[in-house]
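Participant: Sharing a sequence plus its predicted fold:
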Amino acid sequence: MSGDFNPDQKRYLEGFVSGLSAARVARVGNAGGKSEPTGPDAIHIKAQDRVLASGRKLAEQEKFKRDLHPFDAYPKLREQTEKNEAPKPADNFRWRYFGLFYVAPAQSSYMCRLRIPNGILTHWQMAGLADVAEKFAGPYSHVTTRANLQLREIEPKNATNVVEAIQDLGLCSRGSGADNIRNVTGTPTAGIDPQELIDTRPYAREWHFHILNERALYGLPRKFNVGFDGGGVIPVLEDTNDIGFQAVEVKNGFGVEAGVWFRLALGGITGHKDFARDTGVIVKPEDATQVADAIVRVFIAHGNRTDRTKARLKYLLDAWGLEKYIAEVETLFGRALTRVPAEALAPRPAFDRAAHIGVRKQKQDGLNWIGVVLKAARMTPDQMRGLAAIARELGDGDLRLTVWQNLLISGVPDGRVAEAEAAIAALGLSTKAASVRAGLVACTGNAGCRFAASDTKRHAEAIAAWCESRVALDGPVNIHLTGCHHSCAQHYIGDIGLIAAKVPVNDDGDTVEGYHVVVGGGFGPDAAIGRDLYRDVKAEDAPRTVEAMLKAYLANRAGDETFLAFSRRHGIDALKAMFAAETAA
């Protein structure tokens, strides 16, 4: 008898096995004996059932979730920890629900990503994380592009030690990976920014705890990002999120209450060359959590659970259109959402692209925040403790992470700014806003991620070290290096964006690490996807390539024109000619 099954038999068996798995989490059905899933996982099981009933297959990750929900598997994680055992693929996916990513073959260890709502933590939490990193991890931490922290090089035997030590500090890592709603971002200067329209902290916090305490919001078709912009001086990049809540001032005379609302944008994913779309909807801040809940539940019910490459919210919006999606959201929300024309909204207060670096006045009289430049987003335990001590002794005790992979120390009195800057410098860190390093954003790269094609953090540091001694910038230029198509460092929105590539060096198929280069990306009012400039630049040539671009910009700009404006004023061929001339010189 042949061991092969025909397609109909395979479909039947898959449905049979999946049905058995679903029965584990379904309570008693109706009198006729038909099992009807209930409870917090029911929305996911029903969505999976619809896929199977249509004759399609579930993605492997959907099968993992269906077979054993990660939150029901913590004893298994603990057992692997006690044996110092690396996880198999199914468990590697499951443990991401606890923030743990086993990153072999790049490193034979876990990375742990935290949840820090609005990116703000206390001095004692930062000092405590330094201890965790030193005892159980690298020892070091990275600031991420979601205003978050991650620890790396965690041996399997320390996996639960890290998860539990983080919780001891009043933080958590729950749901920070896999098909879940990631760390919620908000304006890093919330509550201290002279120009902000609204303090995002209570809304980010409310959403954070809503997620943590609602199991139905775990196990989405793919990951999901939510960001709150309060109209502050530092960009949050909320238009790159699946849901962007953008603080806006609504004018009188448009049939709705005047004042500050959130403008709703949906479907941002710049790695797929798309920004969040303005829906025409405005949301009362106190309704933001319930509106976001309804948006996510529509995605849970109807997102793609077969093709992972098409499973983000963007693709459901592409298939349905905004109006159909919003109508489904309104049904769950229980009432119509408020719509206003664009002219009802006052212009957003302007960004300052350098405000996350250096000393800035707060809205509180006599107080300042200080933006600190980190080297490739990395901090040693000593630096973490040192920054915590500065926040405790010279500031208000808070450290505020930003999506630009750096942090702010807030509440520093005028009379102690110089002392704080000197203490930061003594840690080997900088507060210089015009440096090349101040505008660098880099993902983990192939030193710690199996998807990456190049060592992005090392190459970012090489670019900074080379250019800062040769180019005297007088304003910020954002240079983003990302290791793969996932675009964690969002290369498409950088002034200069580099995406890793294997660069051919001969006809035998040999390659070296390198990059494709794009130019002229932007966000917010300048939102645009960077244009292709160069292909196959060797990593060893990247510092000189960036140097030539920056020098040509300084030599050819109009007045104090920004790099963004300069690059958009010229066509690609003209830019190449100017950059080539600088290289030749």
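Facilitator: Good, I have the coordinates.

Participant: residue ranges of the strands in the stretch 251-400 of the chain, please?
Facilitator: Along the stretch 251-400 of the chain, the stretches classed as strands by DSSP state E, counting those that start in this stretch are 259-266, 277-283, 338-339, 358-361, 367-372, 378-379, 398-401.

Participant: so what strands line up beside the fifth one?
Facilitator: Within its sheet, strand 367-372 is paired with strand 358-361 (antiparallel), strand 407-413 (antiparallel), according to DSSP bridges.

Participant: what comes into contact with the shortest one?
Facilitator: By Cβ atoms under 8 Å, 6 or more residues apart in numbering, the list of residues contacting strand 358-361 from outside reads 189, 194, 233, 367-371, 412, 417, 421, 431-433. Every C-beta, even on glycine, is put in place using the N, C-alpha and C of the backbone.

Participant: Single out the most deeply packed of the strands paired with strand 367-372.
Facilitator: Mean neighbour count (mean count of other Cβ atoms under 10 Å) peaks for strand 407-413 among those, with a mean of 24.

Participant: before we move on, back to that, want to throw the strands of the stretch 251-400 of the chain into JSON lines with mean pLDDT and distance to residue 248?
Facilitator: Below are those laid out as JSON lines (pLDDT from 0 to 100; distance: least, Cβ to Cβ, whole Å):
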{"stretch": "strand 259-266", "mean pLDDT": "98", "distance to residue 248": "5"}
{"stretch": "strand 277-283", "mean pLDDT": "97", "distance to residue 248": "7"}
{"stretch": "strand 338-339", "mean pLDDT": "98", "distance to residue 248": "12"}
{"stretch": "strand 358-361", "mean pLDDT": "97", "distance to residue 248": "23"}
{"stretch": "strand 367-372", "mean pLDDT": "98", "distance to residue 248": "24"}
{"stretch": "strand 378-379", "mean pLDDT": "96", "distance to residue 248": "35"}
{"stretch": "strand 398-401", "mean pLDDT": "98", "distance to residue 248": "23"}
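
Participant: Of all these, which one is nearest residue 556?
Facilitator: Smallest distance to residue 556 across these (Cβ to Cβ): 26.9 Å, for strand 358-361.

Participant: still on that earlier bit, and of the strands paired with strand 367-372, who's closest to residue 549?
Facilitator: Nearest to residue 549, of the strands paired with strand 367-372 and by Cβ to Cβ, is strand 358-361 at 23.9 Å.

Participant: Need the CA coordinates for that closest one. CSV is fine.
Facilitator: Extracted as CSV, the C-alpha positions of strand 358-361 are listed here (Å, rounded to 0.1, in the frame of the first residue of the first chain):
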residue,chain,number,x,y,z
GLY,A,358,21.2,67.0,23.3
VAL,A,359,19.6,69.4,25.8
ARG,A,360,16.1,70.6,25.4
LYS,A,361,13.8,72.8,27.6
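
Participant: Any idea how far that strand is from the middle of the chain?
Facilitator: Averaging C-alpha positions (Cα atoms, centre = their mean, to the nearest Å) puts strand 358-361 25 Å from its chain's average.

Participant: From here on, call the first residue 20.
Facilitator: All right, first residue 20 from here; so that's strand 377-380.

Participant: about what we covered before: narrow the contacts of strand 377-380 to just the buried residues.
Facilitator: The neighbour count (16 or more other Cβ atoms under 10 Å) marks 208, 252, 386-390, 431, 436, 440, 450-452 as buried among the contacts of strand 377-380.
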